[in-house]
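>>> What follows is a predicted protein model with its sequence.
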Amino acid sequence: MKSLKTPILPSKLQFVKQHAAHELNFKAICIFAATGFFLDDDTYWKDEACLLPGHDHIFDENNFLIESKPWFKWHYTPKSISFEQALDEYINLFTTITKEQVGENPVILPLSGGLDSRSQALVLKNLNNTVQAFSYSFPGGYPEHKISKQIAEVCGFDFDAYKISKGYLWNDIDELAEINKCFSEFTHPRQMSVLKELKQYQGVFSLGHWGDVLFDRGAPDGIVEKDIIPLLLKKMLKPGGLEFAESLWENWNLEGEFKTYFISRIENSLSKIKIDNISARVRAFKTSQWAHRWTTMNLSIFQAAHPISLPYYDNRMIEFICTIPEEYLADRRLQIAHLKQDKAISKITWHEQKPFNLNNYQYNKSPYNLPYRVFHKIKREFNAVIGNPYIQRNFELQFLGADNDKHLKKYIFNDDFFKLIPKSVIEEFYNKFKNENTVYYSHPTSMLLTFALWNKHFHNK
């Protein structure tokens, strides 16, 4: 026998065989259809498992998984320290981890208008590494790359801005299927549009994934025990996802009801997290579930270009989070206090609170933000009239328009795919996307495309 220890939050998923029938795991696939990610160790197959994070895994002589035991248990053990002490610990730890992870390599830094990559930029600004920053935005969308460029200029980084082109995925969709193994739906990984350009850089990626969850409330203030499951359902179920999963469940003649099964799975996973504080418990659940099965899966695209480093994924960062009082983590307090130590960086627009910055974002409410909102509403409506609609969602680039529609139908309407998902189900949700509510049914449409690619590349292999 042999064993393998997984990090608290792995940067790469590992799939192994286990002793079970080689059959499709239809119930797990229904959860994937509803949420966009698998739960726990689920995969498409009953005899395949994704190694759980923070576990010691035992294998038999044939490399089949036979047992998994947690070596790490999420906890909430807040230290009796001041906010200033917590801030110092955070900055020192963040700097130490970043420095260790990137070493002396050139750094490739994806920048956004948010706080996570901006925090990385502030740390990297004070190191000796060469930094190549980049960002991307939608044509016709909010020019987030302009915020990123300002951050890069303040920090003295080289910077490239990219536009995510309409229908960018169709030329690379088969490559993406091989990269992410169809464990993530296809309209979110915008970096796939610039993968060729990213491969031209030199160095190691420093990625800011999951900082926004670790350094914020896990649940809204005042939430009580009975509200946890409804909250998680609201967070996890994508628009149209429940309806789509229930349709698959019924057509695959599965026992019971999908929603009942889904809730039981959430309850079972949540019960393993022995934390009384609800905010901390929900954060732990989010991290062990969709950080692990959704966020991590999409890291594979960066890994296809260069090695990656993730300061927020480091075991020490997770342990640190478990010891910090919730009131210090809430509302991004630690990150904001860190960034406000640099006056130039703190004055740059915070995308989530645009047009305000870290010094005045508390004014992002009526009547203070009314002029901005009115002006941009008029601007969007004018651009739509002249044929330049405002783009704010990934699927709008990928599914809208005659050419995109032609590509989409080529993948989801074919006889081989009908063997997995009935043609009637595909027609129902495609027609709802086209004729009823494009936004609401964009997720089921994206999942249909994901399943079609999985069926093409992996089902019969």
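Thanks, I have it.
>>> Give me the residue ranges of the stretch 101-250 of the chain where confidence is low.
Scanning the stretch 101-250 of the chain with the threshold set as pLDDT under 70 gives 139-142, 187-189.
>>> Okay, helices next: where are they in it?
Secondary structure of the stretch 101-250 of the chain by DSSP state H, counting those that start in this stretch: the helices cover 116-125, 144-155, 173-180, 195-198, 211-214, 228-236, 241-251.
>>> got the contact list for the residue nearest to residue 283 when sequence neighbours are not counted?
Closest residue to residue 283 apart from its sequence neighbours, by CB to CB, 6 or more residues apart in numbering: residue 218 at 3.1 Å. Backbone N, C-alpha and C define where each C-beta goes, glycine included. Neighbour list for residue 218: 278-284, 286, 326 [criterion: CB atoms under 8 Å, 6 or more residues apart in numbering].
>>> try 6 Å
Going by CB atoms under 6 Å, 6 or more residues apart in numbering, residue 218 touches 279-280, 282-283.
>>> Residue 55 now?
Counting by CB under 6 Å, 6+ apart, residue 55 has contacts 6, 68, 70.
>>> Remind me which helix or strand residue 408 belongs to.
helix 402-412 (DSSP states H and E).
>>> in that helix, what's buried?
For helix 402-412, a neighbour-count test (16 or more other CB atoms under 10 Å) marks 404, 407-408, 411-412 as buried.
>>> and the residues you listed as TSV, adding distance to residue 52?
Formatted as TSV, the buried residues of helix 402-412 follow (distance: CB to CB, whole Å):
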residue	distance to residue 52
404	38
407	36
408	35
411	32
412	32
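>>> I'd like these written out as a markdown table, with pLDDT and distance to residue 270 added.
Output for those, formatted as a markdown table (pLDDT from 0 to 100; distance: CB to CB, whole Å):
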| residue | pLDDT | distance to residue 270 |
| --- | --- | --- |
| 404 | 91 | 39 |
| 407 | 94 | 40 |
| 408 | 94 | 36 |
| 411 | 95 | 36 |
| 412 | 96 | 34 |
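>>> which among these gets closest to residue 56?
Nearest to residue 56 among the buried residues of helix 402-412 is residue 411, at 40.4 Å by CB to CB.
>>> That closest one: what's it in contact with?
Residue 411 neighbours (CB under 6 Å, 6+ apart): 449, 452.
>>> can you rerun that using 8 Å?
173, 417, 449, 452-453, 456.
>>> Next: residue 10.
51, 53, 292, 296, 313.
>>> so which of these comes closest to residue 118?
Nearest member of the contacts of residue 10 to residue 118, counting by CB to CB, is residue 313, at 17.8 Å.
>>> out of everything not next to it in sequence, what's closest to the closest one?
residue 9 (4.6 Å).
>>> How far does stretch 238-246 sit from its chain's centre?
From the chain centre to the centre of stretch 238-246 is a distance of 19 Å (CA atoms, centre = their mean, to the nearest Å).
>>> no, scratch that, I was asking about stretch 115-128
The answer for stretch 115-128 is 21 Å, by CA atoms, centre = their mean.
>>> And it, what's buried?
115-125.
>>> cool, and stretch 65-77?
Applying 16+ other CB under 10 Å to stretch 65-77 flags 65, 68, 72, 74, 76 as buried.
>>> Not counting sequence-adjacent ones, nearest residue to the residue lying farthest from the centre of the chain?
Distance from the centre of the chain peaks at residue 61, with 35.6 Å (CA atoms, centre = their mean). Among residues not flanking residue 61 along the chain, residue 1 sits closest, at 6.9 Å (CB to CB, 6+ apart).
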